[in-house]
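In: Give me the fold of what follows.
(chains A and B)
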Amino acid sequence: MKHVLDVQDMSVTFALHQSEVQAVREMNFTLAKGETLAVVGESGSGKSQAFLSIMGLLARNGRASGHAMMGDVDLLALSAGELDRYRGRDIAMIFQDPMTSLNPTLRVRTQLAEVLVKHRGFEQKAATSAAIEMLERVGIPEPAKRANSFPHELSGGMRQRVMIAMALLCQPKILIADEPTTALDVTVQAQMLDLFKTLTEDFGTSLVLITHDLGVVAGVADRMMVMYGGRAVEKGTVDDLFYDPRHPYTLGLLHSTPHIAKRAARLDPIQGLPPSLEHLPKGCSFNPRCAFCFDRCLEERPPLIDTGNGREKACFYEGPMAYGKVA
Amino acid sequence: MDQTPINLLEIRNLKKTFSISGGLFSRRLTLTALENINFSIRKGETLGIVGESGCGKSTLGRCILQLIAPDEGQVLWLGQDLTRVPAEEMRKRRQDLQIIFQDPLASLNPRMTVGEIIADPLRTLRPELNKSERRARVLRIMAAVGLLPEMINRYPHEFSGGQAQRIGIARALITEPKLIVCDEPVSALDVSIQAQILNLLAELKDEFGLTLIFISHNLSVVRHVSDRILVLYLGRIVELATGDEIYEDPKHPYTRALLTAVPIPDPKLARQRNVDALRGEIPSPINPPSGCPFRTRCRFAKPYCAEKRPVLETIQDGRLVACHRWREIGVPEDAVLGH
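Out: Below you'll find the predicted structure:
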């Protein structure tokens, strides 16, 4: 299958006062047309930084290496000016808090129309009517009226729809959504997730969904990549990873997530805390929290290896993973 | 004064409105945050309070603790109406009623050490304790919530969110309260840490014989911790029942819709599920719909729902529901949760 995005050996490093910290290490993944890839991990796992660097949005002390191939174009090799030819048009990103991403002083229609004028050379008038049409498509009632609103006049769910509409105006091939529903109520979240499904199915958009919520992943994603301490530790289809996790961290995340239909007396959480990227443990980064850790894990870092059937994992442990007894 | 021994807390006809500015030259508007709230809490139970943002769940928690004075109604604590207790005496009552907040770091004074933060309530509530008695208590509580003794002299910024929440819990526990209001205590935490804190709360509840009010927008979390669940919509109770009843046989259309919207961490179930996604968003509490406040989003609504407000009726064994049509709409046609 043709990939719309092929990321090879990507690392992201931030220069600190006297040292540097690696937020993402040797990341490899592909994204197919119309596919939804979930990127799952806790704070500091590198999940957001990886995609900010692909979008050329790293903080000034950050630097990315490796390749992010979108067709023949390496996004990581482009200057900001060159990136502007692709950003918005071919690849777009939306964030958790729409209020911080929208300009508070401009009406919604102005902000939306600008995208079309800038990227697709629309006339102002045509751009405005296209913008209103897109607002309707993402499920905003009375779109012509709403288009005249300022961002603060809209509810959180509406604002997130405006963000999505803005991202979709140029019909990008790739949409990166960073925790897009985390700030929303469950009912609005369900509407958004529905919208994402329509996008990938009807428009053939490829979606990257960055999230910590496994419930959201289960509902919309095809494949998932689990990150820990800046590295991908397990990859595969959603079904494979949910029903047959092979990395202890994936297993731990699943056991930490309360399930509405199953009331257990106690959850089975992962012990300890996520690691500091500045002081990653020797060997496997997960070893201090792992119930299946053995000698080798303390010395050697497990590489991410192909285990067949499109699955990959970075773990030395090969035995059965009966959870609960060991933790 | 009526005193029912098993009911630790009884809320009667609670109402709270806020007066808000309608803009520079407009008249002030009234926002009804809570209305006609009636329920009781038994000793040792965990009552979950759920609802969307703006439904009044946090306001309710604060009204119970008298951090916000309700406009009308009674908050009966062991039979005594807290809304009529003088401020000075209320301060003493707070020994029994504590709160844990959502943002653990924001709720801790950055200039105080962990030991000072945890000991702080004792200064006002137990002034008779001397310094070494206070320290002994602090260390005992720190151990109970999983903080190491050497952390006593550290400052909040040195802690992660999960550990900061443990400090918040220790501060609430130090006065040996009977009831703790937990207002979104795990919403700001990572998944693995969230599970640790939920387990900790369950252990502490058993160990100290606590009664908990657990406020959250996350229904999976509420389901996990609660014995009974109260569902709020636009400041009104729409349903109150045990966790099992709510999840297996929800009566109110709003409860049903909320449940089907909850993401399930199980891909096959999630794909099969027929999400009864609610249309639209929660109406403004400044200008709520006439009659049943939920009717504008309810797929079972009839014209008469706009005319008369449904009363909160007791349907069986203390189950409460406020819907004109709960009898007719029957059991959800598709199993809500697919189990």
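In: quick check, stretch A:150-162 touching chain B?
Out: Yes. Judged by Cβ under 8 Å from any Cβ of the partner chain, stretch A:150-162 and chain B are in contact via A:155-158. Backbone N, C-alpha and C define where each C-beta goes, glycine included.
In: By neighbours, which of these wins?
Out: The member of the residues of stretch A:150-162 next to chain B that has the most neighbours, counting by other Cβ atoms under 10 Å in any protein chain shown, is A:Gly157 with 24 neighbours.
In: so where does that one fall, helix or strand?
Out: With elements taken from DSSP states H and E, the one containing A:Gly157 is helix A:156-168.
In: Nearest to chain A: which residue in the stretch 201-339 of chain B?
Out: Ranking the residues of the stretch 201-339 of chain B by distance to chain A (Cβ to the nearest Cβ) places B:Pro263 first, at 2.8 Å.
In: Would you agree that residue is in contact with A:Gly219?
Out: Yes. Checked against Cβ atoms under 8 Å, the pair B:Pro263 and A:Gly219 is within contact range at 5.4 Å.
In: what is the residue nearest the centre of chain B paired to in the beta sheet?
Out: By Cα atoms, centre = their mean, the mean C-alpha position of chain B lies nearest to B:Ile215, the distance being 2.5 Å. Beta-bridge partners recorded for B:Ile215 (DSSP bridges): B:Ile49, B:Asp183.
In: what do B:Pro263 and A:Gly219 both touch?
Out: When contacts are counted by Cβ atoms under 8 Å, 6 or more residues apart in numbering or on different chains, B:Pro263 and A:Gly219 are jointly contacted by A:193, B:270.
In: circling back: correct me, but the residue nearest to the centre of chain B touches B:Gly61?
Out: Yes. The pair B:Ile215 / B:Gly61 is scored as a contact, 5.2 Å apart, by Cβ under 8 Å.
In: Report the set of residues contacting both of the two.
Out: Both B:Ile215 and B:Gly61 are in contact with B:49, B:181, B:183, where contact means Cβ under 8 Å, 6+ apart.
In: For the residues of stretch A:150-162 next to chain B, give me TSV that also has distance to B:Ile286.
Out: Output for those, formatted as TSV (distance: Cβ to Cβ, whole Å):
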residue	distance to B:Ile286
A:Ser155	13
A:Gly156	17
A:Gly157	18
A:Met158	17
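In: out of these, what pair is the most spread apart?
Out: Using Cβ to Cβ, the pair of the residues of stretch A:150-162 next to chain B lying farthest apart is A:Gly156 and A:Met158, separated by 7.3 Å.
In: so which helix or strand takes in the closest residue in space to B:Thr83 that isn't next to it in sequence?
Out: Distances taken as Cβ to Cβ, 6 or more residues apart in numbering or on different chains place B:Val75 nearest to B:Thr83, at 5.5 Å, with adjacent residues excluded. Here B:Val75 sits within strand B:72-77, counting by DSSP H and E.
In: Starting from that strand, tell me which strands it pairs with and how they run.
Out: According to DSSP bridges, the neighbouring strands of strand B:72-77, each with its direction, are strand B:7-20 (antiparallel), strand B:80-81 (antiparallel).
In: and those, which is most packed in?
Out: Per-residue neighbour counts averaged over each of those give the maximum for strand B:7-20, namely a mean of 17 (mean count of other Cβ atoms under 10 Å in any protein chain shown).
In: Could you point out the helix or strand that follows it?
Out: Next in sequence after strand B:7-20, counting helices and strands by DSSP H and E, comes strand B:29-42.
In: Which positions in that next one come out as buried?
Out: By 16 or more other Cβ atoms under 10 Å in any protein chain shown, the buried positions in strand B:29-42 come out as B:31-37, B:39-41.
In: Remind me what it packs against, helices and strands.
Out: Judged by 3 or more Cβ pairs under 8 Å, 6 or more residues apart in numbering or on different chains; DSSP states H and E, the packing partners of strand B:29-42 are strand B:7-20, helix B:57-64, strand B:211-215, strand B:236-242.
In: how far does stretch B:27-37 sit from the chain's center?
Out: A distance of 19 Å separates the C-alpha centroid of stretch B:27-37 from that of its chain, computed with Cα atoms, centre = their mean, to the nearest Å.
In: Quick check: mean pLDDT of stretch A:270-290?
Out: In this model, stretch A:270-290 carries a mean pLDDT of 91.
In: what's the distance between it and the middle of its chain?
Out: Averaging C-alpha coordinates over stretch A:270-290 and over its chain gives two centres that are 22 Å apart (Cα atoms, centre = their mean).
In: For whichever residue of the stretch 101-250 of chain B sits closest to chain A, give me its contacts.
Out: Chain A sits closest to B:Ala195 of the stretch 101-250 of chain B, with a gap of 3.3 Å, by Cβ to the nearest Cβ. Taking Cβ under 8 Å, 6+ apart as the definition of contact, the neighbours of B:Ala195 are A:255-258, A:267-270.
In: one more time with 6 Å
Out: By Cβ atoms under 6 Å, 6 or more residues apart in numbering or on different chains, the contact list for B:Ala195 reads A:256, A:267, A:269.
In: for the closest residue to A:Arg289 other than its chain neighbours, phi and psi?
Out: Excluding the flanking residues, the one nearest A:Arg289 by Cβ to Cβ, 6+ apart is A:Gly272, at 4.2 Å. Taking degrees, to the nearest 10, you get phi 70, psi -170 for the backbone angles of A:Gly272.
In: so how many other residues sit close to A:Gly272?
Out: 14.
In: now A:Pro288
Out: Residues near A:Pro288, counting by other Cβ under 10 Å, number 15.
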